[in-house]
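Visitor: Pasted the sequence and its predicted model underneath.
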Amino acid sequence: MKTSALPAIIGKLSHSVQFLKVFSLGLLALLVIVATGLVSLLEREPVVVVTDSDSRVLRQVALPKREIQIEEALRHYLDLRYRWDAKTVAAQLKLSESFIAPVSLKAFRSAIQSVVQFSSSKGVSQRLFPSEMKIDLTKRTAQITGDRITAIQGVRVAAALKLGLDFEYGARTRENPWGIYITKETEEGL
């Protein structure tokens, strides 16, 4: 008796189909798991890390306080305006011009011209260390107290300084990303 090979072929084929069905169901289950994970990740709120201009992480609040940004801008201005030596005085004061209001720029340039000449010829250096800043947003003024160290030909003198700054808001630029511009500067020794 000769048996036909057809039942053996059909048996192998049905076994292969069963294997493909199980494999397909396994892949479908994996696809559902991955899709569910992806949807849950997409529904999450993004993590936002807020930093200041020096890449320090700020604590999260609804909006950054205006006083903090103004204080940061004024500290940057004070570093440019009052931290120099005989070699860098012209460059530093030129950089500080980016914080001066356009209406006050001409007066500022004429005032610092004598400072640049005197400092360059006498070897003067200066550092300002602000200790307290009081910012009044309604009057747009800042009262700054601190210590100034001035060295003339190697002789150092420390003095208390009280500085009043009037400011206004303006356009933000690369040099002045805060948009704070000084309109008036008054200085008194304590």
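Guide: Here it is on my side, so go on.
Visitor: For the spatially closest residue to Leu128 that is not a sequence neighbour, list the residues it contacts.
Guide: Sequence neighbours aside, Tyr82 is the residue nearest to Leu128 in space, at 3.6 Å (criterion: CB to CB, 6 or more residues apart in numbering). Every C-beta, even on glycine, is put in place using the N, C-alpha and C of the backbone. By CB atoms under 8 Å, 6 or more residues apart in numbering, the residues touching Tyr82 are Gln126, Arg127, Leu128, Arg148.
Visitor: quick one: Tyr82 from Gln126, how far?
Guide: 6 Å (CB to CB, to the nearest Å).
Visitor: Between those two, which contacts overlap?
Guide: Residues touching both Tyr82 and Gln126 by CB under 8 Å, 6+ apart: Arg148.
Visitor: gap between the longest strand anywhere in the chain and the chain center?
Guide: Of all the segments of type strand in the chain, defined by DSSP state E, the longest one is strand 155-169. What separates the centre of strand 155-169 from the centre of its chain is 25 Å, taken as CA atoms, centre = their mean, to the nearest Å.
Visitor: Mind listing the strands that strand pairs with, and their directions?
Guide: Paired strands of strand 155-169, with direction, are strand 141-152 (antiparallel), strand 180-189 (antiparallel) (DSSP bridges).
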